[in-house]
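K.L.:
Return a 3D structure for these sequence lines:
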Amino acid sequence: QVQLVESGGGLVQPGGSLRLSCATSGFTSDYFGIGWFRQAPGKEREGISCISRSDGRTYYAGSVKGRFTISRDNAMNTVYLQLNSLKPEDTAVYYCATDRGTWYGGSCFFRSYDYWGQGTQVTVSS
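P.N.:
As a prediction, this is how the structure comes out:
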């Protein structure tokens with residue numbers, strides 16, 4: 001069974017950058033890839049970005065496109081989320097997640113996502 005562990009969160013000033021990591025274990029070809037989500041206090045969970053295991057295809061939410069970049073190593077041992085030009089509204093707990101199956105394109109945020117990491121806190125404040 002796959003396990004996911006996020007790291008790299010912290011406190012950063014507006015306009016700053018962070019790189020989040022999602023370390024995987026037990027990740028096989030059964031899983032479609034990795035999705036990144038975030039949840040701010042009092043708000044619903046929001047899909048941020050996804051990357052495919054098979055071909056590295058990526059997808060971004062409009063709110064982060066052009067500021068955040070998802071990447072992976074070839075073995076999917078680690079998936080990264082580079083956060084640039086951070087804003088106070090980016091403050092949230094960030095999670096990586098996955099599920100079994102295939103991603104055929106389009107939005108990847110409405111999958112079942114059966115496996116989640118514990119989350120890492122990102123706080124953007126001066």
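
K.L.:
which residues touch the residue lying closest to Glu46 once chain neighbours are set aside?
P.N.:
Counting by Cβ to Cβ, 6 or more residues apart in numbering, Glu46 lies nearest to Arg38, which is 5.5 Å off, once chain neighbours are set aside. Just so you know, the C-beta spots here come from the backbone N, C-alpha and C atoms, and that holds for glycine as well. Listed by Cβ atoms under 8 Å, 6 or more residues apart in numbering, the contact set of Arg38 reads Arg45, Glu46, Ile48, Asp90, Ala92, Val93, Tyr94, Tyr95, Val122.

K.L.:
Then the last one would be within a strand, right?
P.N.:
To tie it back to what came earlier, the one meant is Val122. Yes. Counting by DSSP: H, G, I helix; E, B strand; the rest coil, Val122 is part of a strand.

K.L.:
which residues in this protein form strands?
P.N.:
With strands called from DSSP state E, the chain shows them at 3-7, 10-12, 18-25, 33-39, 46-52, 58-60, 68-72, 78-83, 92-98, 115-116, 120-124.

K.L.:
For the residue at minimal distance from the centre of the chain, give the beta-bridge partners.
P.N.:
Geometric centre of the chain, nearest residue: Trp36, 2.0 Å, by Cα atoms, centre = their mean. Here Trp36 sits in beta bridges with Ser49, Cys96, going by DSSP bridges.

K.L.:
need the contact list for it.
P.N.:
Trp36 touches 20, 22, 47-50, 70, 79, 81, 94-97, counting by Cβ under 8 Å, 6+ apart.

K.L.:
same question, Ala97
P.N.:
Leu4, Ile34, Gly35, Trp36, Phe37, Tyr113, Tyr115, Trp116, Gly117.

K.L.:
switch the cut-off to 6 Å
P.N.:
Residues in contact with Ala97 (Cβ atoms under 6 Å, 6 or more residues apart in numbering) are Gly35, Tyr113, Trp116.

K.L.:
pLDDT value on the closest residue to the first one other than its chain neighbours, please?
P.N.:
By that I understand Gly35. The spatial neighbour of Gly35 that comes closest, neighbours along the chain excluded (Cβ to Cβ, 6+ apart), is Cys50 at 4.3 Å. Among the per-residue scores, Cys50 shows a pLDDT of 97.
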